[in-house]
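S.K.: below are the sequence and a predicted model; questions follow.
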Amino acid sequence: MHCENKTMIKIKDLFGIATKNLKHRKKRTLLTILGIIIGISAVVALISIGQGMSHSINNEMEKIGTDKIFIQPKSATGMTMSAEGGAGTIGKKDLNLVKKTAGVKEATGIYSHMAQIGFGKELQTVYSFGYPKKQSEASLMDEVHTWKIEEGRMLKPGEKGKVIIGTDIAEKLFEKDIQVGNKINIEDQVFKVIGIFKKVGDPGLDKGILISEKEIRELYDEPDLFTYLYVEITSNKELELTADRIERKMRKDRGLKEGQEDFSVQTPLEMMEIFNNILAIVSIILIGIAAISLLVGGIGIMNTMYTSVLQRTHEIGIMKAIGAKNSGIMKLFLLESGILGLVGGALGVLIGFLISKGVEISAAQAMGTDMLKAFFPWYLIVGALLFSFIVGTLSGLLPARRASKLKPVDALRYE
Amino acid sequence: MVFDFFTLAFKSLKKRPLRTWLTMLGIFIGVSLVISLVSLGQGLQNAVNSQFSAVGMDKIIVQPVGPGYGPPGQEGSTLTDKDLKEIEQVVGVKAAAGRIVSSVKIEYNKLMKINFVGSMPKEQKARELLEEAQNIEVEKGRILKQGDSKKAIIGNNYATKKIFGKNLEVGNKILIGEKSFEIIGIMKKFGNPMSDEAIILNQADIEDITGKTDYSALFIQVEKGSDVNLVAEKITRTLRKKKGQKEGHEDFEVQTTQELIDSFNTILIVIQMFVIGIAGISLIVGGIGIMNTMYTSVLERIREIGVMKAIGAKNSDILKLFLIESGMLGLVGGLVGLLLGMGFSLMVEFGAKQALGSGMIAASFPLSLLIGTVLFSFILGALSGVLPAMQAAKMKPVDALRK
C-alpha cells in the first residue's frame, strides 16, 4: 500500500499540476476557454428560450384542460375553415349528436363571422363570436377560451344588445379609444360595450367581439352552422376513447368512410403535440447550427493541448524518468483539457443565462405578453457542464495519448 | 519584398503542420456552414422572386387584411363586386379582376380530398389579366373559356397517382362540391404544392357550389405609362373613402408587385440574418483559434524575432510578417471552407430535388458571395492576428534575444 502510493500520482496532485500548467500560459488558456464559453452560451440560451416557449404554450393548453375535445370542419390546408366554407360544415344536428355520445358531459358550439363595426365615423372589420344562451354551455366556453375581463363585466348568457370587445379594438383600431359604456355599431345595429377583454396575445380574440349567439345568428342570417364545437368529457382518462367515439358517430351520420372525414376531432394533447413537434424541429436546427461553434471550440482545445504537449516534452520526459506511468501522464493531460472545457462550460452557462433573461425581458417589453419565459431546469445546467467537460476531455484525447506514449529518453533529449 | 513576407509566413506555418491544420479546420467549418446557408437562402429567394416577377411589374393586388389570424379561413369576406367596380373607375387602371378562392370537397375514384378552387372572372379582359398574373397555362387540353359551365382545369398533381390513386385525364369527370365537372385541361407544373393541387372553375360555378360571392383578392393591371405606385395610392384612397376608414386603419391592403417582392424579401432576410448570425458564432470561435495559434507562434519565435530585429527588421516588418501569417491561415481556411460549403449546398439541392420533386431549393453562388467569403476570411484571420503581431512587433531586440 505504502509502496504503491509512491509511484501513483494522486488525483488531487494531478489536479494541482493541471491547474498550475493552465495558469502558466494565461493568455492561451483564456482564449481557449473563450471559444467554449461562446459556444456553450449560445446553445444554452437557445435551449432555454425554446423550452420556455414550449412550456408556456403547454401551460395554456393545460389551463383549457385535458378533458376537452374540439371539432371543426376540415379545409384544404388542414387548417380550420369558416362555417360558410364550401367543404365540410358542422351544424346544430352535430352538436346534438355529440351531446348524446357516451362519455360526453357537456358540449357547445361557437359561431364566428367577420363583422363590420363602426365607432364614430370609422368602420372596421373584426371577428365576432356568439355566446351561448345555456349557462352550462357558456361556462364550458369560458373555460376553453380562458378569456378574462380587464374592465367592466362579462356577458351574461342570453343577454342582448351588449358586447364585450377585445383590447386591440378598444385601444388600437379606432382613432378614439372605446370605453366601457360606449355604444358601437355592429353591422349597423347599436350595441353597448359592457366589458373589455384582457390581452391574451391571440389576435383572433384581441381583435374580436363577443355577443349573444342569438344576435350573431340574426345578424348574419345563419340559423344552423358552427365554426367550432367544444366538448367536455366526464373523465379525462377516456379522452382518446371519447374523441374516437365522436368521430365514428359523426362519420356514420354523414355516411363517410374512414379517411374521408370533412371534419376533424382534436384533443388538446394532439394540438400540443403538433406544436411541440414544430418547435422541436426549429430548435434542433438552430441548436445544431450553434453547436457547430462548440465543435470549433473543441478543435481549439485540441490545438492548445497539442501545443502544450510539445512545449512540455522535456517535462514529460523527466516525469517518466522519475517513475510516472503512461496512464499517469495520460490522466494529467486529459484532466487539463477537461478543466478547460468545464470552466468554459460554467462561464458559458452563466452568460447563456444572462442572454436568455435579456431576451425574455426585451420580448416582454416589445410584445406586452409574458409568453416568452426563459426556462432553466437543473438538467440543462448539469447537462451543459457535463457536455463541456466531455468536449474538453475528448478534444484532449489525442494530444494526451501522444504525451503518454513519448519515450522518456526521446522526450528528455528533445530541444 | 512582399513576396518574401509571404514565403517566410508560409514556411513558418509549414513548420508546425498539425497546429496549422487544426487552426484552419476551425475556419473550414465556420465558412462552409455560412456559405451553404447563404447560398441556399439566396437560391430560395431567387426562386420565389422569379415567381413573383412572372406576375408582371404593372400589377397591383388588393387583399383583405383579417384582424389577425384568428379563426382562419375567414379571409376574403370584405372585398365585394362593388369594390371591384369602384377600382375599375380609378384613373390609370386598365383592367381589374376579382378572384374567389375557397376550400372545396373534391371526389374521384371513391376518394375525397379537400382542396382549393379558384375562380376565373366573367369578363374576357379580366380573364386575360388573371391568366397572365397567375401564370395559368395548360399542358394538356385547353384553357377555361368564357361561358364554359361545369368544366374545370386542374393542377398538375392531379395528373399523377399522388392524389386520387389514379391519374386524372382530360375528359374525366370529377365531383367538385358534390357536383359533376368535366376536366378540360391540365395546368403546367408550378413547382409548389398549393398551386399544383388547385382547381380552376368559372366564377358562376364557384358561386353555385360555395355560395361565396366575396373576393379573396383583386388583381389590377395598370395602363401603360401610368405610375404603378401612384395608381396603387389612388386605389387605396378610393377604397378608404368608400369604407369610411382613416389612414393606417384600413382593413384591406393594396400592394404592387414590387412591394410584394420587397415584403417577402424582408421576411426572408430577417430569418436568414438570424440563422447566419448563429452560424457566424462558429467563425468567431475559429478566429479566436487563430489568435491563440498566433500568440503561441510569437512566443515560440521570440528568439527569431530578436535576431530579425537585430539585423535591421523594422517593427512594421515584424507586424506585417505576423499579420500575413494569420491572414493566410484565414484565407486558406476560407478557400477550403468555400469549396466544402458549395459541395454541401449542392448536396442539399440534389436531396431536395429528389424528395420534393421541385427546383424550389436551388443553391445560388453569386460572385459577390464567393469573393466576399474569401476576403472576409482573410480579414478575419488578419484581425485575429493583430494583437499577437503587435506584441511581436513591440518587443525590444535585446529582451527577445535574451530569452
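M.R.: Okay, I see it.

S.K.: show me what from the stretch 301-415 of chain A comes close to chain B.
M.R.: Contact residues, the stretch 301-415 of chain A versus chain B (C-beta under 8 Å from any C-beta of the partner chain): A:302, A:303, A:304, A:306, A:307. The C-beta positions use only the backbone N, C-alpha and C, and glycine is treated the same way.

S.K.: ok, these vs residue B:396, which is closest?
M.R.: residue A:307 (25.1 Å; C-beta to C-beta).

S.K.: where in chain A is pLDDT low?
M.R.: A:1-9, A:75-87, A:201, A:203, A:368-370, A:415 (pLDDT under 70).

S.K.: so what are the domain limits for it?
M.R.: Domain assignment for chain A by automatic domain parsing gives A:8-61+A:273-413, A:65-267.

S.K.: would TSV of those domains with distance to residue B:310 and mean neighbour count be doable?
M.R.: Listed next are the domains of chain A as TSV, based on distance: least, C-beta to C-beta, whole Å; neighbours: other C-beta atoms under 10 Å in any protein chain shown:
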stretch	distance to residue B:310	mean neighbour count
domain A:8-61+A:273-413	25	19
domain A:65-267	71	18
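
S.K.: re the thing from before, which one of the residues of the stretch 301-415 of chain A next to chain B is nearest to chain B?
M.R.: Proximity of those to chain B (C-beta to the nearest C-beta) peaks at residue A:303, which lies at 4.2 Å.

S.K.: so what's the closest one closest to, chain neighbours aside?
M.R.: Sequence neighbours aside, residue B:22 is the residue nearest to residue A:303 in space, at 4.2 Å (criterion: C-beta to C-beta, 6 or more residues apart in numbering or on different chains).

S.K.: so that neighbour sits in a helix?
M.R.: Yes. The assignment for residue B:22 by DSSP: H, G, I helix; E, B strand; the rest coil puts it in a helix.

S.K.: quick one, what contacts it?
M.R.: Contact analysis of residue B:22 by C-beta atoms under 8 Å, 6 or more residues apart in numbering or on different chains lists A:299, A:302, A:303, A:306, B:289.

S.K.: repeat for residue B:315
M.R.: Listed by C-beta under 8 Å, 6+ apart, the contact partners of residue B:315 are B:393, B:394.

S.K.: make it 6 Å
M.R.: Residue B:315 makes contact with residue B:393, according to C-beta atoms under 6 Å, 6 or more residues apart in numbering or on different chains.

S.K.: roughly how far does it sit from chain A?
M.R.: Distance, residue B:315 to chain A, using C-beta to the nearest C-beta, to the nearest Å: 21 Å.

S.K.: that residue and residue B:393: what is the separation?
M.R.: Using C-beta to C-beta, to the nearest Å, residue B:315 is found at 4 Å from residue B:393.

S.K.: just to revisit the earlier point, ok, the residues of the stretch 301-415 of chain A next to chain B vs residue B:344, which is closest?
M.R.: residue A:302 (22.8 Å).

S.K.: so the closest one touches residue A:395, yeah?
M.R.: Yes. Using C-beta atoms under 6 Å, residue A:302 is in contact with residue A:395, at 4.2 Å.

S.K.: nearest residue to residue 167 in space, please, no chain neighbours.
M.R.: By default, I'm working from chain A. Nearest one to residue A:167, counting by C-beta to C-beta, 6+ apart, is residue A:199 at 4.5 Å.

S.K.: please go with chain B instead
M.R.: Once flanking residues are discounted, residue B:167 sits nearest to residue B:159: 5.6 Å by C-beta to C-beta, 6+ apart.

S.K.: for that neighbour, phi and psi?
M.R.: Backbone torsions for residue B:159, taken as degrees, to the nearest 10, come to phi -80, psi 0.

S.K.: distance-wise, check it relative to chain A.
M.R.: Residue B:159 is 19 Å from chain A, by C-beta to the nearest C-beta.

S.K.: surely that residue meets residue B:186?
M.R.: Yes. Contact criterion C-beta under 6 Å: residue B:159 and residue B:186 qualify, at 5.1 Å.

S.K.: tell me the pLDDT of the residue nearest to residue A:303.
M.R.: We have a pLDDT of 89 for residue B:22.

S.K.: and residue A:302, how far is that from residue B:385?
M.R.: Distance from residue A:302 to residue B:385, counting by C-beta to C-beta: 20 Å.

S.K.: average pLDDT across stretch B:101-114?
M.R.: 83.

S.K.: span of it from start to end?
M.R.: End-to-end distance for stretch B:101-114, by C-alpha to C-alpha, to the nearest Å: 13 Å.

S.K.: show me which positions of it end up buried.
M.R.: Buried residues in stretch B:101-114, counted by 16 or more other C-beta atoms under 10 Å in any protein chain shown: B:101, B:102, B:103, B:104, B:105, B:106, B:107, B:108, B:112, B:113, B:114.

S.K.: ok, back up a step: the residue nearest to residue A:303 and residue B:392, how far apart?
M.R.: Residue B:22 is 21 Å from residue B:392, by C-beta to C-beta.

S.K.: now swap in residue A:335 and tell me
M.R.: Taking C-beta to C-beta as the measure, residue A:335 falls 32 Å from residue B:392.

S.K.: what does stretch A:339-354 contact?
M.R.: Counting by C-beta under 6 Å, 6+ apart, A:18, A:32-33, A:36-37, A:40-41, A:44-45, A:301, A:381, A:384-385, A:388-389, A:391-392 sit against stretch A:339-354.
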